[in-house]
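Novice: structure here, sequence nowhere to be found:
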């Protein structure tokens, strides 16, 4: 008896313990719904805890069109925990309000309401039968991809509009390339690499709804023989490059000729008498010299034509003792232009009527560096050198040095035969070239006073020798047309020569009427000429 | 002489008719153009509602147990494929035109309220609403011309006045809610328009299966 009671108590206790773990079901959760073709739809839910008891779930729905609550028409077709709405139960553009209730012996639980419209839950099945075919010519392979519409899809009535999308990947690459195909169920792929496996996937969607899942990958390998074309093109390009390179080489080697042909040199301006190269080289002296030499000085010609007589001039003194350094600078002497006259135009007092005549000659002389010029006066170059002054130069030994004493323009009475700038340095030695006019005889005869000139020492002899042969100093003027020339010490300038019939022979180098004083030489006699010029010709060198 | 005249006039009429027939655009082509435009319209409205939902949970779905009816709900349209395939072309066209007509005014209201919508994506929403307005108008005008080829039944348009007033309320929350509600109504109606026109297109192009 007690044993039975104990067992009963134990059983009761066990039952009590067991019944404490049971509970009403947990609240289920509606996961969502989906319509694959716009004609049916399916909904799924997640059941909650079952509370240890067998629980059942029921789905109830309401629509905004129909009154009343309806239960799911099909719990089986779509699998566990699902509800399938077939065509007759499916309405589009109508809201459905769905709830799921879980039941067990202890109670029930209701899920949250889900509001759906078929329009919003469209997601089609995957496309079917994706095939790939390699086609094309030798050099241009392509892949034709074909597929079919998803299962159960109505494409004949226009009720649904299916749009497809595919993506392609080459073996070994990680990136998919997407293409849209529109509503067509085929696509041709042109960006194909030969010898590589290509993979394709396709998906679709309805009416701007959700995209379907991708199909399984389809593979195809593009064969390698599509590469045959390439060596051919390499060969062609190489062959065509060779003549091109050859042409370029020829052009480069003969580029000068080509340049001459294509771009002939433009002739530049030419000025007669001017050498452009000389100008470019930038030595103005040479340029100016060239210009001068090329020019015709009409003045000189004119004067020359008018020259008729020469005045022979002598001097007693030592010749001017120019600075030896200067003498080297001086170039060959030049016969004075014939514009010199000692006619009635000569004046003693420094008036300068003839200056104008001589100035042009002066200027030309200055430029050529060949003239002996009087530079005693401040405007040195403006002064006319009186008459044929000698350029005492070492190289011109043939010329007898003489000094023309007839310089009517100096105020002080000096006759100046110094050269241009260089003579400035010899201002102190200006006495060298001067002779004082002692007496004037007649209209055009000057008697010079002999002077002692001092020069720098040892150069005396040389400088005396430097005095040109062309000139002689006037020692004395005898009458209207006789002038006594003074012969030089060192150089027996007997080489003076007659010029024309106006000269007396210079070889008459006998001192006549000369009083030789010291180192002075006997001047060379010359005849007189009408115009008053004295000139001895240089000895033939 | 008279016979020659009648013969000549017959010939002339025939030539004229042929010319007119040849130069006329086929209906399938016109419907194709219309359905392309409606496709754009529906795509725009879908994107718009997605933009709206992106920042706000679908409160319209959960909060309102019984949604207020769209102002076009009174129009009886086919609600599944069988019904849609049974409606005549003229009736389908009439339905489409009625819907388009019903949305002219509310879209204007939506457009003005979109300018001051308290939403993060207000700018893109505003531009999209503008586009919607233009597409609706042009589609409606085109279908008005097209309906002439479908007979008298296509000419009748049901009047579906919008009674929501000129402004969609003042406070922020209700403005957003109303805007969302109106947009969802429009999205549904644009889908209807698109589906009906595509059915019409497929029916008109019997010799061209790619149109379906």
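Specialist: That came through fine. Keep in mind the model is a prediction, meaning the values are calculated, not measured.
Novice: now do the contacts for residue 89.
Specialist: Just going to use chain A. Neighbouring residues of residue A:89 by CB atoms under 8 Å, 6 or more residues apart in numbering or on different chains: residue A:73. Bear in mind the C-beta positions are built from the backbone N, C-alpha and C, glycine included.
Novice: ah, I was thinking of chain B
Specialist: Residue B:89 touches B:150, B:154, B:200, B:203, B:204, counting by CB under 8 Å, 6+ apart.
Novice: repeat that with 7 Å
Specialist: With contact set as CB atoms under 7 Å, 6 or more residues apart in numbering or on different chains, residue B:89 has these partners: B:150, B:200, B:203.
Novice: from those, which ones fall inside helices?
Specialist: B:200, B:203 (DSSP state H).
Novice: longest helix in chain A, please.
Specialist: Longest helix in chain A by number of residues (criterion: DSSP H): helix A:229-253.
Novice: just the mean pLDDT for stretch A:11-23, thanks.
Specialist: For stretch A:11-23, mean pLDDT is 68.
Novice: neighbours of residue B:154, how many?
Specialist: 23 (other CB atoms under 10 Å in any protein chain shown).
Novice: how about residue A:257?
Specialist: Other residues close to residue A:257 by other CB under 10 Å number 10.
Novice: I'd say residue A:78 and residue A:42 touch.
Specialist: Yes: using CB atoms under 7 Å, residue A:78 makes contact with residue A:42 at a distance of 4.5 Å.
Novice: around chain A, pick out the residues from chain B.
Specialist: B:42-43, B:46, B:61, B:67, B:79-81, B:84-85, B:188, B:191-192, B:195, B:198-199, B:201-202, B:212 (CB under 7 Å from any CB of the partner chain).
Novice: and the buried ones among the residues you listed, selectable in ChimeraX?
Specialist: Restricted to buried positions by 16 or more other CB atoms under 10 Å in any protein chain shown, the ChimeraX selection for the residues of chain B next to chain A reads:
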select /B:42,46,61,67,79,80,81,84,188,191,192,195,198,199,201,202,212
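Novice: quick one: which of the residues of chain B next to chain A sit in helices?
Specialist: Judged by DSSP H, the residues of chain B next to chain A include B:42-43, B:46, B:61, B:81, B:84-85, B:188, B:191-192, B:195, B:198-199, B:201-202 as members of helices.
Novice: list just the nearest of these to residue A:69.
Specialist: Top of the list for closeness to residue A:69, among these and by CB to CB, is residue B:61 at 18.5 Å.
Novice: which helix or which strand is home to residue B:69?
Specialist: Here residue B:69 sits in a region with no helix or strand, counting by DSSP states H and E.
Novice: skipping its backbone neighbours, what lies nearest it in space?
Specialist: residue A:64 (8.0 Å; CB to CB, 6 or more residues apart in numbering or on different chains).
Novice: number of nearby residues for that neighbour?
Specialist: Count around residue A:64 with other CB under 10 Å applied: 17.
Novice: hmm, it is touching residue A:95, no?
Specialist: Yes: Residue A:64 lies in contact with residue A:95 (CB under 7 Å); the separation is 4.7 Å.
Novice: residue B:135 reaches residue B:43, doesn't it?
Specialist: No: Residue B:135 lies out of contact with residue B:43 (CB under 7 Å); the separation is 10.2 Å.
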